[in-house]
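Asks: predicted coordinates and the sequence they were generated for:
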Amino acid sequence: MITKERLEETIRGVIREFKETRRIPEPAADELAATLDARMRELFEQEGPFSYQQVEESVAYVDRLRDEAESKSAAQFLQELRAWQQAHSL
């Protein structure tokens, strides 16, 4: 799962690499980092955070999801998957 922290770390690593190899001058790299941070914050705020850590009883939650998944037919699962893909495609 991609977390905000992992995404931020990756972007900062790329910017650091570009600064070290002087492909982006330092003032521009700092401005780029600030802009990316702001855009990421906006993106995560729009999407709304969700993580298994936000579920009080994560074990019970996962068990319930597994039980629900086992009770569905393969055709029904594929239908839901296609609907999800269409809803999240650009």
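Replies: That came through, no problem.
Asks: okay, now the domains of this protein?
Replies: Using automatic domain parsing, the domains assigned to the chain come out as 1-49, 55-90.
Asks: low-confidence stretches in this protein?
Replies: Scanning the chain for pLDDT under 70 picks out the ranges 1-2, 46-55, 90.
Asks: which parts of it are helices?
Replies: In the chain, the segments counted as helices under DSSP state H are 4-20, 26-47, 58-71, 74-88.
Asks: any chance of CSV for the ones you listed, columns mean neighbour count?
Replies: (Each C-beta comes from the backbone N, C-alpha and C, glycine too.) Shown next, in CSV, are these (neighbours: other Cβ atoms under 10 Å):
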stretch, mean neighbour count
helix 4-20, 13
helix 26-47, 12
helix 58-71, 10
helix 74-88, 9
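Asks: Ile24 reaches Ile15, doesn't it?
Replies: Yes. In terms of Cβ atoms under 8 Å, Ile24 counts as a neighbour of Ile15; the distance is 7.3 Å.
Asks: need the residues touching each of these two.
Replies: Leu32 (Cβ atoms under 8 Å, 6 or more residues apart in numbering).
Asks: ok, Ala69 to Phe77 distance?
Replies: 7 Å (Cβ to Cβ, to the nearest Å).
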